[in-house]
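# Sequence and predicted structure below; questions after.
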Amino acid sequence: MAKHMSDQQDIPAEGCALSRRGFLKGSAILGGSAVLAERMQWIQGLVTRAESGALAAGEEYLLSKPENILYSVCLQCNTGCAIKTKILDGVVVKIDGSPYSPWSLAPHLPYATSPVDTAKVDAPLCLKGQAGIQHAYDPYRIVRVLKRAGKRGENKWTSIPFDQAVSEIVEGGLLFKEVPGEETRRVEGLRQIYALRDPKVAQAMAADVEAIRAKKMTVAEFKTKHATNLDKLIDPDHPDFGPKNNQMAFVWGRLKAGRGDLIGRFTRDAFGSTNAHGHTTVCQGSLYFTCKAMADQFVEGKFTGGPKFYWQADAQNSEFIIFVGASPLEGNYGPTHRSKALTEGITDGRLKFAVVDPRHSKTASKAWKWVPAKPGTDGALALGMIRLIMEQGHYNGTYLRNANRAAAAADKEPTWTNAAWLIKFNADGTPGAFLRGSDIGLKKEERKNAAGKAWEFDPFLVWKDGKAVPFDPNDDKNAVEGDLLARPTINGVKTQTSFMLLYDSAATHSVAEWAGICGIETQDIVDLTREFVSHGRKAVADVHRGAAQHTNGFYNVLAWMTLNLINGNHDYKGGLLKATTFSITSGAFDFGKMMPNKANPFGISSIRHETTYEESTIFQGYPAKRAWYPFSSDIYEEIIPSMGDMYPYQIKAMFLYMGSPGYSLPAGHTNIAVLSDPTKIPLVIVNDITVGTTSVYADYIFPDITFLERWEFQGSHPSIAPEVQPIRQPVMAPLTETVKVFGEEQPISLESMLLGVAEKLGLPGFGPNGFGPGMDFKRDEDMYLRMTANVAAARGGVPEASDAEVKLFLDSRRHLPKTVYDATRWEKVSDKSWKKVVYVLNRGGRFQDYDKAYAGDMAANKYGRMINMYVEKVAKGKNPITGKPFAGIATHLPILDAQGREISKLDEAKGYDLNLITYREIAHTKSRTITNYWLLQVSPENHILINAVDAQRLGIKGGENVRVTSATNPDGVWDLKALGKKPIVGKAKVIQGIRPGVVAFALGFGHWATGSSDFTIDGKLVKGDPRRATGVHANAAMRVDDHFKNTCMVDLVGGSVSFYDTRVKLLKA
Amino acid sequence: MLRSAPTRTAELQAMLEDVQQALKKSANQRSWIMVINTKKCSGCHSCAVACMAENMSPPNVTYRAVPEVEIGEYPQVSRVFMPTNCMHCDNPPCAKAANAITPGAITKQPDGIVIVAYDKFRDKKAFDAAAKVCPYKALYWDDGSFFTKALPVFEPYEQQAGFEYGARLKRAEGKSPAGSGRKCHFCLHRLNAGMLPACVTTCPCGAMYFGDKNNSKGLAMQLLAFNNGIRLKVSQDTRPRVYYLTSETGTADNLKACLACHGA
């Protein structure tokens, strides 16, 4: 039977002769004010019908009226797309993408477009964003403060008044005397922990602690000098632990700016604790910290100042992208934003992309090539390509030969590298520091910094025309270029360039051997390389957590970023971009000057970040008891386990905001064990919207307001070219209880909790004149409106809102209560910036126009500085467990545990022979989307993905229950302590699209709280919803490191957790 | 494949203009069609969820579905994503079956949309008959349930009056569409307001297109003119209005694979 594959009869026969341009009335191509006018014209046309009265009453679509729409920013995942929320009688009933934002549309609408005209223009938004309504309107949301009525984790709660909760945590006492076993446990309150309150004393002590670390002062001398204040220290015999204030730690999960500034202000500037730690290493840690190390600049004699950031592809313009452990169609940052760049590109033929991933992701399903490399071999793949490129001469030599700023400028290059710089060798033959002028008899130069402080400049050297040439990396006048292929011996000192060091690393194996390490074909490396060198600067490697979350994560990322570097694609259109945001801390209000009586926190942090073990007073040789992290911060996996070990010291009070380390971390159960023991961390206070997977173990849960009810400044991502600042603002009435702080009625939230504690404790920087004379800080908007004013002021400022726009602003907020909004109050705080604030908030933030985001063939918002191919700082560092030096160049390392053992091979020998990885489904984020019933309709549960060959071998059928076990969890069970034990069991899904030997599960399921189970509040049973209890969460099977004993495996350089290196065995459940 | 617009922004603009032009004509001069490019579809289900939110549909009523299938053997693997909803057939078998039991339950409008009369389509027998003959599984029964009614708080977003068909109906009060048969209506209420269907605007991959078949210059018709479009199950003479583009060999092969099991 003939299949009618197409039915031509009702499609017009004419082969349309219209040109592309003619059909679209010239609006398709960017450029020029004519386009701007045209674009605004077509939008205005949309309101004509309504205005002409053509709409019948019964048809009136209220959600398309501008006064029923408020612009804000989603937080269903960290992509943070700008959204239009549509409100009916005060209820948010629909969320769509905002056409003002480059996340949603590229090109996005001109910023000047009136919100009246955007009312009918809905932009793309992913399913999580659409489901944001169900995140806010969640039947399990808590609205009053909960205090545990039983043991930690028993899940019995009493709701208590806010004032009582604040009082208890500040004053301490016999807070849990009703709990059996805790009748006499006296809890130290914040008031006692807030021991050192004199910033001058703190400053003096801090300076002397530095002297101790530099061996210029002894501990005994310190104790004599500071005798009257020794009682303020955690341990006078270890002054480098800092003051008792450090025993209060503030920890967070999904935090953005605004709230981040507030937490920093509370913790560091007011309370004087150095312990404010985020979650970065559970996400992409090593990706950030590798790029941070590559971005260090040479400042007054040191390599420093690298921001915590990374680069991503300008996918809108790239011609060839290799996605390494990245799936923009499912996760990354993020589907709504990056999908169109990919789908447009492959439809147009502009873009070809490859995906390196052991799983055939949705991104792989659209790719030219899927490269199913073994997990953790990403660095090897990049080095194979680098070897091929170097040997074939396809590296960007002109770019790499530039040694300093002047040389780059002469070539009109926005960046330069240290590829040509000479490096000397240590006595043992390992690469050491850069060769300096003083090494070959040149004089150092006396210089003064801007403040008049003296420092010595010791020049660097390149090799050119048979001579060593000294130079200053930042010299913008004398251009210096160096030979790349140099290995000169100068005055008896053996040296080579960073470039040759890279080659040595790449040449450790043949291309075929590199392919073998990855478990792929040599031809794959050849094909990838051929494409990579065929598109000029528009070929780029885009890396995400798939490469970073391994014990060798830092080096995987370094290898791929080095590949990008030798192509010279940083800051080029189609190459690598960095994120650029409008400042929130200065412009109209200088927050740097708005902290009266600012504290001076000092001391080793509880996670021992940005400090070295060797200089501490607890240095006891190798191995260190726990890891130290000179090159990273926000080391999530260290936070609670270190508190469990009380290393370096005990934490007495921990705040936790919007984070669930017990759920999110690999081997998160170790965190649950620490939290369950109140003698470890005596006071645990969590901000959460439900009783969640970690907050269930808290002493107090302060309910928070969701992203639809509050403020925040979302920031940007490296894949966004324009300068932006998306602003989250209240679009609905808050659902939490109203309380009074500093005399102001406001909802219980993170802000009111901190303000309440500050009020009770009398902390500087809060309350009347908290920001300075005449500037109170009594409610959240006092901070956030001023930050919005700063955004509005940047770069010459935005226009002032017209009267019509002011009217719209007021109308569209008619449903908001005074607890979160009052026009008179807002105008007073915003002061002269009011009408600009209105303009910005009417658009949900500020977004640079698309045509301004590029300048010729480059990005307009450039990184524009030096990039380190050789990271000398890391090469000078020592592994705190083995005492061995770290490599400073892209290197392939096998998967190693903290003791340096090839642990995966050891586990495989014990029969744990499947490599467990995780992945992201677009339908879910880690711990908060399980409450979204619309999402559960399309994705009700997850599975253990297994290749058909492995399933066959193990006798596992699709749909069958399997238990996930490992060497450190042979029973395959979550030990949830007071909550009981939960087997790690999920349904197998047998597929072709995963590398044999690898098994995977999607994050977001297998919950034990968050409304999935029964619990008790005020003696009443609240029944859980079984729809939230589906699926499996196998993090407890992820390997615990044998040296740390209570922490997962880690990347000792970049700080990342190892998510993808555990070997497991699947048992029939 | 040949595109007629280089960016999604330009595509959305062109489609909105097409809708605007159509609204200037009388309803019987409009002829709505949907065009889907499965090459761009990543099976994210954003369309399905946007539809749930837009139409305030209760549990188990999902006008839109995106089935997927894996083809091939490791490592030569491919995945096909197949968004579907009511095809708004010109010869709708659902209407014949339903109206035989309840006259006027389902009506084919002059603009091409097949609509349901919520106040009439309430006989389960009529629904079952219609659902059985629909080759596209497009019909859903609203059994009156809610996502949150049985939970600690019955949330307000489930208690609002919807916008379907321009009628403000509050199913939370036990009225229709609770107790009615339901299906996709091409977001008629949005079309009449000069906007595109929710699934079309929300698609992050830009796979969704919509327009007026009577406007040969509109984007939807231009895409069909420049690319091959197929419809599903044409052998059953339903004459559907949802077209799938197949000018790419890969896409065509994938769709052939679907049709091999599901039939043409």
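Nice, I can see it.

# How much space separates A:I689 from chain B?
To chain B, A:I689 is 13 Å away according to Cβ to the nearest Cβ, to the nearest Å. C-beta coordinates here come from the backbone N, C-alpha and C atoms, glycine included.

# got it, and A:L383?
The separation that A:L383 has from chain B, given Cβ to the nearest Cβ, amounts to 22 Å.

# now that residue, what's its secondary structure?
Following DSSP: H, G, I helix; E, B strand; the rest coil, the label given to A:L383 is helix.

# who touches the residue positioned nearest the centre of chain B in this structure?
The centroid of chain B falls nearest to B:N85 when counting by Cα atoms, centre = their mean (3.8 Å). Counting by Cβ atoms under 8 Å, 6 or more residues apart in numbering or on different chains, B:N85 touches B:34, B:51, B:63-65, B:136, B:138, B:183-184, B:199, B:242.

# Turn those into CSV, columns for pLDDT and distance to chain A.
Putting the contacts of B:N85 into CSV (pLDDT from 0 to 100; distance: Cβ to the nearest Cβ, whole Å) gives the following:
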residue, pLDDT, distance to chain A
B:M34, 98, 14
B:C51, 98, 9
B:Y63, 98, 12
B:R64, 97, 10
B:A65, 96, 9
B:Y136, 96, 16
B:A138, 98, 17
B:K183, 98, 16
B:C184, 98, 16
B:C199, 98, 11
B:V242, 98, 12
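
# for the stretch 251-400 of chain A, what spans make up the helices?
Taking DSSP state H, counting those that start in this stretch as the test, the helices found in the stretch 251-400 of chain A are A:259-264, A:280-283, A:285-294, A:335-348, A:378-392, A:397-401.

# tell me how far the helix or strand containing A:K200 is from the chain's mean position?
In the assignment (DSSP states H and E), A:K200 maps to helix A:199-213. How far helix A:199-213 lies from its chain's middle: 32 Å, per Cα atoms, centre = their mean, to the nearest Å.

# Give me the spatial nearest neighbour of A:A801, chain neighbours excluded.
A:V838 (3.9 Å; Cβ to Cβ, 6 or more residues apart in numbering or on different chains).

# Wait, a helix at that neighbour?
Yes. When three-state DSSP is applied, A:V838 is found to be in a helix.

# how close does it sit to A:I881?
Distance of A:V838 to A:I881, given as Cβ to Cβ, to the nearest Å: 56 Å.

# dump the residue contacts of A:G770.
Contacts of A:G770 by Cβ under 8 Å, 6+ apart are A:596, A:764, A:776-778, A:782.

# So it: helix, strand or coil?
strand.

# Just the pLDDT for it.
You'll see A:G770 listed with a pLDDT of 98.

# on that earlier part again, could you identify which of the contacts of A:G770 has the most neighbours?
In terms of neighbours by other Cβ atoms under 10 Å in any protein chain shown, the contacts of A:G770 top out with A:F777 at 23 neighbours.

# Next up, the contacts around that one.
A:755, A:765-767, A:770-771, A:783.

# one more time with 7 Å, if that's ok
Listed by Cβ atoms under 7 Å, 6 or more residues apart in numbering or on different chains, the contact set of A:F777 reads A:766-767, A:770-771, A:783.

# On the three-state scheme, residue 111 is what?
No chain specified, so I'll use chain A. coil.

# Chain B is the one I meant
B:D111 is classified as coil under three-state DSSP.

# Please look at it and B:Q29 and confirm they touch.
No. Assessed by Cβ atoms under 7 Å, B:D111 is found out of contact with B:Q29, at 8.3 Å.

# Pick out whichever of these two has more residues nearby.
B:D111 (22 against 13).

# hey, where'd the strands end up in the stretch 101-250 of chain B?
B:106-108, B:114-116, B:140-141, B:181-182, B:208-212, B:229-230, B:242-245 (DSSP state E, counting those that start in this stretch).

# Could you tell me the least trusted of those?
Across the strands of the stretch 101-250 of chain B, strand B:229-230 gives the lowest mean pLDDT, at a mean of 90.

# Quickly run through the sheet partners of that strand, with directions.
Applying DSSP bridges to the sheet, strand B:229-230 is found paired with strand B:242-245 (antiparallel).

# contact partners of the partner strand?
Taking Cβ under 7 Å, 6+ apart as the rule, strand B:242-245 contacts B:1, B:33-38, B:87, B:223-224, B:227-231, B:255.

# 6 Å instead, please
Here strand B:242-245 makes contact (Cβ atoms under 6 Å, 6 or more residues apart in numbering or on different chains) with B:34-38, B:87, B:227, B:229-231.

# how distant is that strand from the center of its chain?
On Cα atoms, centre = their mean, the centre of strand B:242-245 falls 12 Å from that of its chain.

# if I look at the nearest residue to A:L109 once chain neighbours are set aside, how far off is A:A131?
Distance criterion Cβ to Cβ, 6+ apart; nearest residue to A:L109, sequence neighbours excluded, is A:P99 at 4.7 Å. Using Cβ to Cβ, A:P99 is found at 20 Å from A:A131.

# same thing with A:G797?
A:G797 is 36 Å from A:A131, by Cβ to Cβ.

# who has more neighbours, these two?
Ranked by neighbour count (other Cβ under 10 Å), A:G797 and A:A131 place A:A131 first, with 27 against 16.

# tally of neighbours for the nearest residue to that one once chain neighbours are set aside?
Spatially, and ignoring its direct neighbours in sequence, A:A131 is nearest to A:N932 (4.0 Å; Cβ to Cβ, 6+ apart). A:N932 has 26 neighbours, counted by other Cβ under 10 Å.

# And for A:G260?
18.

# ok, and the closest non-adjacent residue to it?
Spatially, and ignoring its direct neighbours in sequence, A:G260 is nearest to A:W252 (7.8 Å; Cβ to Cβ, 6+ apart).

# now the one you found, which residues is it bridged with?
Assigned bridge partners for A:W252, using DSSP bridges, are A:Y657.

# So it versus A:I346, what's the distance?
From A:W252 over to A:I346 (counting by Cβ to Cβ), the distance is 38 Å.

# More neighbours: these two, which one.
Counted by other Cβ under 10 Å, A:W252 and A:I346 do not tie: A:W252 has more neighbours, with 22 against 19.

# what pLDDT does that one get?
A:W252 is given a pLDDT of 98.

# which residues does it contact?
Residues near A:W252 by Cβ under 6 Å, 6+ apart: A:278, A:657, A:659.

# same question, B:A98
B:105-106, B:126, B:130.

# Can you name the helix or strand that it falls in?
Using DSSP H and E, B:A98 falls in helix B:93-101.
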